[in-house]
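K.L.:
what follows is a predicted protein model with its sequence.
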Amino acid sequence: MPIEISEIYLSSVIGRSVINSNGDQIGTLRDLIMIPGEVFPVVSHIVIKTRTGIKILPWSEVTLFTHVVISTGSTRPLGLTAYLPEEGYILVKRDLLDKQIVDVEGAKVVRVNDIKLGKFNQQLCIFSVDIGFRGLLRRLGYERFGERFARAVRRDIPHAEISWSYVQPLEANSSRLALKIARDQMNEMHPADLADIIENIPIQSIRTVLDSIDTETTGETLYELESDMRNLVINQLDNEQITDILEEMEPDEAADVLSDLPEQKAQELLDMMDQEDAEDIQELLEHEEDSAGGLMNPDYLRLTSDITVGRALEIIRACADEVETIFYGYVVTAEDCLEGVVSIKGLIMNPLETIISDIMEENIKSVRIDAELEDMLETLAKYDLIAIPVLDAEDKMAGIVTVDDVLAHYLPQIIKIKRR
């Protein structure tokens, strides 16, 4: 059995002698082969450079593993065999050291400078990764010198380690070592953070991130990307995957994504989509991108004037998953004519038996479907609205435009002016 190991860094064991039970040198440690484990990734074999070539030895035959020497339990280890590279092998030094990973807790991309190993359930496991300057000094053999220098100038070299529980490797092969907590937390990350990560990793690693998140989160992340990067990401996927993602997106956001694609590609995707979803998106694509028709979301909270507040709240609960934003309830007729509007606050503050027609606001502010950005922004600001209804040429309710949709078009200009 291997001896107890409290903690040991990969940099301190790579290149160390591997000896047999008689003390004769077999070779030097070149790498470690990892496999997924129940709690942490575990070492299945050690990779040894010998005089006759590269060989591997099962971890079960290692009896001593320290930063000074590594030993086997016999004079001629039975499991010592030639190393034959296999596609599924994950080597710690080769596949993890100096590679980029996602710190899912910090929502950022970092580089692995060293790896902390430890013993758990009689197995050697990866406990954490060192992403700081201390890890670099350790690998260069200057950690003690660095500490002395830091003390002399009354500074400290901080420890910057991430538990493996919060690590998502970006290499397709090594990503199999990600733990469930990391995979789950990838889905909980804000789409804007995921977009930042995608924009800061190699193209070949993008697919690994996409495979780590669900379809809905992928759609939200795509929408956060700049159009050029978004198209690049889409090119990493097949049409069936893209249509699944588009169907999970809000129609106005899906329309924005398709409008940036070549017309033929966009039409191919629309033809593959669910007919109802495709029709909603196609209608939005027919309007100018910066018009109310191009920005609006056709999904909104629809109410009728004859129902009670209690019934309205039931409708909200039933459709909350399908409607992107619920700031107001819009009271419409069977012919989609807009009769009034009621705020969510108004519904909450009135008795359940109150009829909607008694509390709805009939002096409704709206914009035409061909309204320009300036008109929408002026109306939203003047009347302090979070969303505004959009009426078509026949004065029927076509959808709503939210203040964040309008501001999103002005934000790049504001940032550009501020930078000047």
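P.N.:
Sure, I can see it. For clarity, every value in this text was computed on a predicted model and none was experimentally measured.
K.L.:
excluding its backbone neighbours, what's nearest the residue most central in space within the chain?
P.N.:
Central residue of the chain (CA atoms, centre = their mean): Leu194, 3.9 Å from the mean position. Sequence neighbours aside, Thr221 is the residue nearest to Leu194 in space, at 4.4 Å (criterion: CB to CB, 6 or more residues apart in numbering). Using the backbone N, CA and C atoms, a C-beta is placed for each residue, glycine as well.
K.L.:
ok, the one you found - contacts?
P.N.:
By CB atoms under 8 Å, 6 or more residues apart in numbering, Thr221 lies in contact with 191, 194-195, 198, 213.
K.L.:
against Leu225, how distant is the residue nearest to the centre of the chain?
P.N.:
9 Å (CB to CB, to the nearest Å).
K.L.:
all strands for the stretch 301-420 of the chain, in order.
P.N.:
302-303, 328-332, 338-343, 367-368, 387-391, 397-402 (DSSP state E, counting those that start in this stretch).
K.L.:
in JSON lines: those, plus mean pLDDT.
P.N.:
Below are these laid out as JSON lines (pLDDT from 0 to 100):
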{"stretch": "strand 302-303", "mean pLDDT": "92"}
{"stretch": "strand 328-332", "mean pLDDT": "92"}
{"stretch": "strand 338-343", "mean pLDDT": "92"}
{"stretch": "strand 367-368", "mean pLDDT": "92"}
{"stretch": "strand 387-391", "mean pLDDT": "92"}
{"stretch": "strand 397-402", "mean pLDDT": "90"}
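K.L.:
out of those, which gets nearest to Ser21?
P.N.:
Across the strands of the stretch 301-420 of the chain, Ser21 has its closest neighbour in strand 397-402 (72.3 Å, CB to CB).
K.L.:
and stretch 279-287, C-alpha only, in PDB?
P.N.:
In PDB, the C-alpha atoms belonging to stretch 279-287 read as follows (Å, rounded to 0.1, in the frame of the first residue of the first chain):
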ATOM      1  CA  GLU A 279     -43.500  31.800 -37.900                       C
ATOM      2  CA  ASP A 280     -42.900  34.100 -34.900                       C
ATOM      3  CA  ILE A 281     -39.300  34.500 -35.800                       C
ATOM      4  CA  GLN A 282     -40.000  35.000 -39.500                       C
ATOM      5  CA  GLU A 283     -42.400  37.800 -38.700                       C
ATOM      6  CA  LEU A 284     -39.800  39.600 -36.700                       C
ATOM      7  CA  LEU A 285     -37.200  39.200 -39.400                       C
ATOM      8  CA  GLU A 286     -39.500  41.000 -41.900                       C
ATOM      9  CA  HIS A 287     -39.100  44.200 -39.900                       C
END
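K.L.:
neighbouring contacts of that stretch?
P.N.:
Here stretch 279-287 has contacts from 246, 251-252, 254-255, 258-259, 266, 270, 273, 293-294, 296, 298-299, 369-370, using CB under 8 Å, 6+ apart.
K.L.:
those residues in helices, which ones?
P.N.:
Those of those mapping onto helices are 246, 251-252, 254-255, 258-259, 266, 270, 293-294, per DSSP state H.
K.L.:
CSV for those, including neighbour count, distance to Pro169 and pLDDT?
P.N.:
Listed next are these as CSV, based on neighbours: other CB atoms under 10 Å; distance: CB to CB, whole Å; pLDDT from 0 to 100:
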residue, neighbour count, distance to Pro169, pLDDT
Leu246, 27, 28, 88
Pro251, 24, 35, 84
Asp252, 23, 35, 82
Ala254, 27, 31, 86
Ala255, 26, 35, 86
Leu258, 23, 32, 86
Ser259, 15, 35, 83
Ala266, 19, 34, 85
Leu270, 19, 36, 89
Gly293, 24, 44, 86
Gly294, 21, 40, 84
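K.L.:
any idea which strand is longest in this structure?
P.N.:
Longest strand in the chain by number of residues, with DSSP state E as the criterion: strand 25-35.
K.L.:
and the next helix or strand after that strand, what does it pack against?
P.N.:
Using DSSP states H and E, the helix or strand that follows strand 25-35 in sequence is strand 42-50. Where contact means 3 or more CB pairs under 8 Å, 6 or more residues apart in numbering; DSSP states H and E, strand 42-50 is packed against strand 25-35, strand 53-58, strand 123-130.
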